[in-house]
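Q: Need coordinates for the following:
(2 chains)
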Amino acid sequence: MVRYTLKRLVSLVISLAVASVVIFLAIEVLPGDPAAYMLGVNAQEDTLAALRDQLGLNGTAWARYSTWIGGMLQGDFGTSYTYRTPVAEMIGDRMQVSLPLALMALTLSTVIAFPAGILAASRRGSFADVLIMGITQLGVAIPNFWFAMLMVLVFAINLRWFGAGGFAGWEAGLLPGLKSLTLPAIALALPQASILARIMRSSLLDTLTEDFIRTARAKGLSRAQALRRHALRNALIPVLTIIGLQFSFLLAGAIIIENVFFLPGLGRLIFQAISSRDLIVVESVVMLLVFAVVMVNFAVEIAYALVDPRLRASR
Amino acid sequence: MKPFTFLTRAGLASAIAVTASLAMAAPRTDLTLGQQLEPPHLDPTSAAAGAIDAVVYSNIFEGLTRFASDGAVIPGLARSWEISSDGLTYTFHLAKGVKFHDGSSMDAEDVKFSLDRARAEDSANAQKALFAGIASVDVVDPMTVKVTLKAPQGNFLFNMAWGDAVIVAPESIENIKTMPVGTGAFKFANWVQGDHIDIVKNPDYWGTPAKLDKVTFKFISDPTAAFAAVMAEDVQAFGAFPAPENLPQFDADPRFKVLVGSTEGETILAINNKMPPFDNVKVREAVAHAINRQEIIDGAQFGYGTPIGTHFAPHNPDYVDLTALSNYDPEKSKALLKEAGVKTPIKVKMTLPPPSYARRGGEIIAAQLRQVGIEPQIENVEWAQWLEGTFRGKDFALTIVSHTEPMDIGIYARPDYYFQYDNPAFQELMTSLDFETDPAKRSALLKTAQDIIAKDYVNAYLFELPYLTVANAKIEGMWVNAPTQAADMTAVYWTE
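A: Residues are numbered from 1 along each chain as shown, chains lettered A, B, ... in the order given. Model (predicted):
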């Protein structure tokens, strides 16, 4: 087990190192100079040089790479070129929006998808099934930004129940904070819930044809009992995998919804940083996301090994 | 009339009067102003971002002189000045009792510090050229500063009105980017990055105090979201509103008013004057005649914009209307191309930066140019790419951009500037303008300058960018025009 864990750990470090090089190189080849962006069209050569010097852009690529990685290893994410504030602080601020938003959307999508998927599977071919399949088909097909704009039109402009966007800030209290995230969370959750409900249904239907379900039915369990006690748990595995994927997507991929609702989230931070060539921010945020994904994978691999003794022995 | 009816009526009337007076009693004193771009930081003296000035200019920071809404240069922290007869020394008399927001007094030392910092060797001032003519800054006494120039400079007072020339204090310079300390009628209060900035009234302001207690700048980059935020009244005003197509809707709604003003933004189709065949003035003239300005203004700007025929703002008293030199005449355009010996169709590279005037306008211009045999290959670029490839790298034939700096006809005297116009006669004219302080002679020189570049067809001049503001109908005192990128909130108030 120790050997296996060590091996996994080494591969984790290697993938992080490779990722850091790829990220750095990708950003190096991006055309555009952060200093020129900041100083605009009337900047003089000597001013540009002075600013590049202040930002530490004049060193060799290798020197800049090692400064960046060296800082990261000590928990220092560097200072944003344009905002002149520590990157770690910026990420922390944006997380206050992105993390609750992702959690809200995920919770909402699960709460909708589970009952819908189970209902559709247990009454296959019924009116409820057809209806749920129809609605989820629509949910997958409708672009979430369009749905978001529609909600703004109805709930913010016409009914005035919500603001059209923006984030009240947690300092304003829990309720105003949650309120400003409600519409965005619904917009994000709708397509996710549709996908999840369809996967839940098909996974359940697959499981219901398995031998152990037939055995359970033969023991005298009703269809509903067999579904609840035996099928559901087995059907959950692909569903959980999808939920995991959705969470990482929601965390950084909500950029369009963040734009529609002008929320200061992680996605918009990356977008702004790319367009203003705030390279240090792009590098650090992307690296952090890679780190998060790699860590989740690592934890899953360790969990596999704990569950399945064959994995430990064979490696 | 029965007595009780009368009494009831009287009671009702007085009830109405009471309600009305309650409503009249307290007009709002806070305002949320939408803007499209968030400033990267809050130091106007070390970045070109107009978004910085759009928050801090005149609200937080003030300079020796300042722009009024109509573009005139008026006294700022310097209440009066004397100019020596040779035009070389400016003696500024500062306002009395001016305090920075941290409580320290503003005096001549601060002025010297600010100007010296801006022109220092390691200065990161984006408009360092504004200060290049200064030979020395001397403190005469705490309330008097003497600036000596290397040579007479006709627009020195104008230069000192820019947001890049505001007065800062050495004590607070270190954290100016996140904690700006100025002398203005508002103090910086709070910044939730990515969302909003709050400024609050400065109770110790030396001049006319602000009417509002608090202003929140809310940053909404997406035009559709900006529309929704105004409609839902999340913001009570939106400066430089990004979606002109929605303005008629606001105009028709009694809750709002639409202000259409001018900017200093000459929107041009810039031509690479060194790249064949555009090094031939006939070909550039052909481009100018192939363009139908009104079609671009209607199509890309939904009718908002003033046609221009040279690189000068139409609201400026010295402006000359030269649009007739480049009237829409595709037949003439074809003839000129033939005369120049250009084999059509010819493919040329056209880069388009993100603003909608460029992206939408570019499509229309491309279609117009195709009519005469010039086929632009459109390349959409981000600002950073535009700056590196088009502006610095000069890798373009055509590009569309709005030059928003005030009074920037001087860029045509810089042969290495991205459109690479090199005309010694024009450069000489600009030098003599620098030395000229007589208003009448300056005016004549400026008119000649406009004429030269229009007749050389350096670029194709399209329209002056409008300044579009949507505001709640009960708000007064907003700047209608944008002589510089500013949202001066010092005179803004609610009528009820």
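
Q: May I see the buried residues of the strand or helix carrying residue A:100?
A: Assigned by DSSP states H and E, residue A:100 falls within helix A:87-122. Residues A:87, A:90-91, A:93-98, A:100-102, A:104-106, A:108-110, A:112-114, A:116-122 are the ones in helix A:87-122 that count as buried (16 or more other CB atoms under 10 Å in any protein chain shown). C-betas here are computed from N, CA, C, even on glycine.

Q: pLDDT on it, on average?
A: Average pLDDT, helix A:87-122: 91.

Q: can it be found next to chain B?
A: Yes - Helix A:87-122 reaches chain B (CB under 8 Å from any CB of the partner chain) through A:90, A:93-94, A:97.

Q: following that helix, which helix or strand comes up?
A: Following helix A:87-122 in sequence order, the next helix or strand is helix A:127-141 (DSSP H and E).

Q: mind checking how far that following helix is from the chain centre?
A: Centroid separation for helix A:127-141 versus its chain: 25 Å, with CA atoms, centre = their mean, to the nearest Å.

Q: same deal with stretch A:151-171?
A: Per CA atoms, centre = their mean, the centroid offset for stretch A:151-171 relative to its chain is 23 Å.

Q: List the buried residues of it.
A: Quick answer for stretch A:151-171 (16+ other CB under 10 Å): A:151-152, A:155-157, A:162-169.

Q: Show me which residues of the stretch 101-250 of chain A sit near chain B.
A: A:149, A:152-153, A:156-157, A:160, A:163-167, A:169.

Q: redo that, cut-off 7 Å
A: With the criterion set to CB under 7 Å from any CB of the partner chain, the stretch 101-250 of chain A comes near chain B through A:149, A:152, A:156-157, A:160, A:163-167, A:169.

Q: For residue B:408, state which of the residues of helix A:87-122 next to chain B is nearest.
A: Distance to residue B:408, by CB to CB, is smallest for residue A:90 among the residues of helix A:87-122 next to chain B, at 34.1 Å.

Q: From residue A:171, how far out is that closest one?
A: Look at residue A:90 and residue A:171: by CB to CB, to the nearest Å, they are 17 Å apart.

Q: what's around residue A:43, how many residues?
A: 23 (other CB atoms under 10 Å in any protein chain shown).

Q: One more: residue A:172?
A: As a measure of burial, residue A:172 has 12 neighbours, counting by other CB under 10 Å.

Q: Give me the below-cutoff pLDDT ranges for the chain.
A: No chain specified, so I'll use chain A. A:252-253, A:304, A:307-315 (pLDDT under 70).

Q: That was the other one, I meant chain B.
A: In chain B, residues with pLDDT under 70: B:1-25.

Q: Dihedrals phi and psi, residue B:325?
A: phi -60, psi -30 (degrees, to the nearest 10).

Q: give the contact list for it.
A: B:309, B:454-455 (CB atoms under 7 Å, 6 or more residues apart in numbering or on different chains).

Q: filter those residues to the buried ones?
A: B:309, B:454.

Q: residues contacting the residue in the stretch 351-496 of chain B that chain A sits nearest to?
A: Residue nearest to chain A within the stretch 351-496 of chain B: residue B:384 (3.0 Å; CB to the nearest CB). Residue B:384 makes contact with A:32, A:37, A:275-277 under the criterion CB under 7 Å, 6+ apart.

Q: what's the answer for residue B:297, then?
A: Contacts of residue B:297 (CB under 7 Å, 6+ apart): B:303, B:305, B:307, B:463.

Q: Would you confirm that the second one contacts residue B:467?
A: No - because the distance of 10.7 Å does not satisfy CB atoms under 7 Å, residue B:305 is recorded as not touching residue B:467.

Q: Between these two, which is the more surrounded one?
A: residue B:305 (26 against 22).

Q: Leaving out chain neighbours, which residue sits closest to the more buried one?
A: residue B:463 (3.8 Å; CB to CB, 6 or more residues apart in numbering or on different chains).

Q: So what touches stretch B:164-184?
A: A:84-85, B:41-45, B:56, B:58-63, B:77, B:98, B:100-102, B:104, B:106, B:110-111, B:113-114, B:118, B:125-127, B:130, B:159, B:188, B:202.

Q: Now with 6 Å, please.
A: A:84, B:41-45, B:59-63, B:77, B:98, B:100-102, B:104, B:106, B:110-111, B:113-114, B:125, B:127, B:188 (CB atoms under 6 Å, 6 or more residues apart in numbering or on different chains).

Q: again, but for stretch B:391-411
A: B:264-267, B:269-270, B:272, B:275, B:311, B:348-352, B:358, B:361-362, B:376, B:389-390, B:417-418, B:430, B:449, B:465, B:484.

Q: now stretch A:13-33
A: A:65, A:277, A:279, A:282-283, A:286-287, A:290, A:294, B:384-385, B:388.

Q: Kindly report the same for stretch A:179-199.
A: A:101, A:104-105, A:108-109, A:112-113, A:116-117, A:136, A:139-140, A:144, A:147-148, A:151, A:162, A:167-168, A:239, A:242, A:246, A:254, A:257, A:261.

Q: Now for residue B:216: which residues touch it?
A: Residue B:216 makes contact with B:32, B:196, B:198, according to CB under 6 Å, 6+ apart.

Q: Quick check: phi and psi on the first one?
A: So that's residue B:32. The phi/psi pair for residue B:32 (degrees, to the nearest 10) is phi -110, psi 120.

Q: what bridges to it?
A: residue B:216 (DSSP bridges).

Q: Kindly report the same for the last one.
A: Taking DSSP bridges, one finds residue B:190, residue B:216 as the beta-bridge partners of residue B:198.

Q: Assess the claim that it and residue B:189 are in contact.
A: Yes - assessed by CB atoms under 6 Å, residue B:198 is found in contact with residue B:189 at 4.2 Å.

Q: how does chain A divide into domains?
A: A:32-76, A:91-313 (automatic domain parsing).

Q: tell me the most buried of those?
A: When those are scored by mean count of other CB atoms under 10 Å in any protein chain shown, the highest mean neighbour count falls to domain A:91-313 (a mean of 18).

Q: Please name the nearest non-neighbouring residue to residue A:212.
A: residue A:230 (6.2 Å).

Q: The one you found falls within a helix, correct?
A: Yes - per DSSP: H, G, I helix; E, B strand; the rest coil, residue A:230 lies within a helix segment.

Q: was I right about it contacting residue A:216?
A: Yes - Residue A:230 lies in contact with residue A:216 (CB under 6 Å); the separation is 5.1 Å.

Q: residues touching whichever residue of the stretch 151-300 of chain B sits closest to chain A, list them.
A: Proximity of the stretch 151-300 of chain B to chain A (CB to the nearest CB) peaks at residue B:194, 2.6 Å away. By CB under 6 Å, 6+ apart, the contact set of residue B:194 is residue A:264.

Q: and it, helix, strand or coil?
A: Under three-state DSSP, residue B:194 comes out as coil.

Q: how far away is the closest residue to residue B:219 other than its chain neighbours from residue B:143?
A: Leaving aside its sequence neighbours, residue B:219 sits nearest to residue B:38 (CB to CB, 6+ apart; 3.9 Å). Look at residue B:38 and residue B:143: by CB to CB, they are 37 Å apart.
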